[in-house]
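**Q** predicted structure and sequence below. I'll ask about it afterward.
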Amino acid sequence: MRFSSFTYLVGQGLHNLRANRLMTFASMGVLTVCMLLIGAAYLLGANIDAMVEYIGDQNETIVYMRLDATEEQIAAADSAIRSTEHVVGVTYQSPQEVLTYWDEQLEGIDLEASFASDNPFYPNYIVVVDNPDNIEAVSQQLELIDGVDDVRAPLELSKVFVSLQTAVSYACYAVVIVLAVVSIVVINNTIKITVFNRRKEIGIMKLVGATNGFIRFPFFVEGVTSGLIAAAIASGVVCGAYYALCRWYAENPTNLSQMMGGQLVPLQDVWYVIVGGFALLGFVLCGIGTATSIRKHLNV
């Protein structure tokens with residue numbers, strides 16, 4: 001296609017936007033709302049994932065060694081624990097270290113003096129697992145290590161958060177799919193009305209030898225332009241609102257904020273996904289709507 005033809009077709013597409021501004025605004029409005037809801041669903045899912053990951057890091061599995069475990073058994077257990085799959089952090093605490101810790105926590109009680117000759121605390125390992133849904137499998141492996149007396153793992157809590165993460169992820173996927181279908185239908189109907197109003201013009205262009213691509217391209221420009229404008233508006237609203245929410249959240253700490261490590265997922269970690277996703281969504285949805293709407297009117 002020559003450059004002059006390309007600029008002419010682009011100009012025709014932009015002219016169609018102005019000529020059909022009522023339907024264009026309607027389709028852009030619906031598409032913008034759909035993108036806002038999709039962005040909210042994505043940000044909710046991202047923050048739920050971050051919360052589950054943070055809590056998974058905090059929920060430590062404690063491996064208690066037997067009181068009569070020898071130094072050789074403890075050393076062998078140390079090596080076995082560190083080599084266990086999905087284990088990302090291991091900290092050893094000797095009975096004396098545990099006693100000192102609780103002595104500092106319990107003010108007014110001299111535990112070290114009370115248990116100077118008979119320390120009741122077990123040597124133990126604090127184990128961090130890479131993902132909450134791996135805690136149960138890792139715990140079962142740790143129980144088999146020689147010298148291990150007991151393994152205390154937050155299995156129920158990890159199951160709750162894994163279930164929550166799965167449910168939110170599926171809900172977010174469902175919202176994105178439903179809103180994408182709604183957007184396609186709206187764009188499709190908008191372009192169908194435009195094409196129907198210009199069906200005679202399309203027929204004449206076909207009769208004088210215009211190719212399908214020459215006729216289709218202005219409609220494609222019209223649809224994609226409206227989609228990208230909607231994406232720009234939705235990106236600005238979502239990123240601006242989320243930035244304000246992050247600032248408010250950081251300045252007003254709550255119990256929930258402590259569960260999430262004190263902050264939401266930073267905007268700089270997600271803005272490019274939002275902007276790029278909305279731009280791609282607007283381009284693809286409007287392109288699909290244009291291609292499917294004009295096809296039957298090209299058969300003259």
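**A** Ah, there it is.

**Q** what's opposite residue 89 in the beta bridge?
**A** On the basis of DSSP bridges, residue 89 is bridged to residue 128.

**Q** thought residue 130 was touching it, still the case?
**A** No. At 9.0 Å, residue 89 and residue 130 do not qualify as touching, with contact defined as CB atoms under 8 Å. (C-beta placed from N, C-alpha, C; glycine too.)

**Q** tell me, what's touching these two both at once?
**A** Counting by CB atoms under 8 Å, 6 or more residues apart in numbering, residue 89 and residue 130 have no common neighbour.

**Q** who has more neighbours, the two?
**A** Neighbour comparison, residue 89 and residue 130: the larger count goes to residue 130, with 16 against 12 (by other CB atoms under 10 Å).

**Q** just the pLDDT for the more buried one.
**A** Looking at residue 130, its pLDDT reads 81.

**Q** and the gap between it and residue 26?
**A** In this view, residue 130 and residue 26 are 48 Å apart by CB to CB, to the nearest Å.

**Q** swap in residue 248?
**A** 33 Å.

**Q** more neighbours: these two, which one.
**A** Per other CB under 10 Å, whichever of residue 248 and residue 26 has more neighbours is residue 26, with 16 against 10.

**Q** the stretch 51-200 of the chain: strands as residue ranges?
**A** In the stretch 51-200 of the chain, the segments counted as strands under DSSP state E, counting those that start in this stretch are 61-65, 87-93, 124-129, 148-152.

**Q** Serialize these to TSV and add fields for distance to residue 229.
**A** TSV is the format used below for the strands of the stretch 51-200 of the chain (distance: least, CB to CB, whole Å):
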stretch	distance to residue 229
strand 61-65	52
strand 87-93	45
strand 124-129	47
strand 148-152	56
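
**Q** closest to residue 218 out of these?
**A** strand 87-93 (56.0 Å; CB to CB).

**Q** could I get the buried residue list for the closest one?
**A** Buried residues in strand 87-93, counting neighbours by 16 or more other CB atoms under 10 Å, are found at 87, 93.

**Q** check stretch 244-251 too.
**A** Under 16+ other CB under 10 Å, the buried positions of stretch 244-251 are residue 249.

**Q** dump that stretch to PDB, restricted to CA.
**A** Only the C-alpha atoms of stretch 244-251 are listed here, as PDB (Å, rounded to 0.1, in the frame of the first residue of the first chain):
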ATOM      1  CA  ALA A 244      -3.600   7.500  45.900                       C
ATOM      2  CA  LEU A 245      -4.700   4.300  47.600                       C
ATOM      3  CA  CYS A 246      -1.000   3.200  48.200                       C
ATOM      4  CA  ARG A 247      -0.200   6.500  49.800                       C
ATOM      5  CA  TRP A 248      -3.300   6.400  52.000                       C
ATOM      6  CA  TYR A 249      -2.600   2.800  53.000                       C
ATOM      7  CA  ALA A 250       1.000   3.600  53.900                       C
ATOM      8  CA  GLU A 251      -0.100   6.600  56.000                       C
END
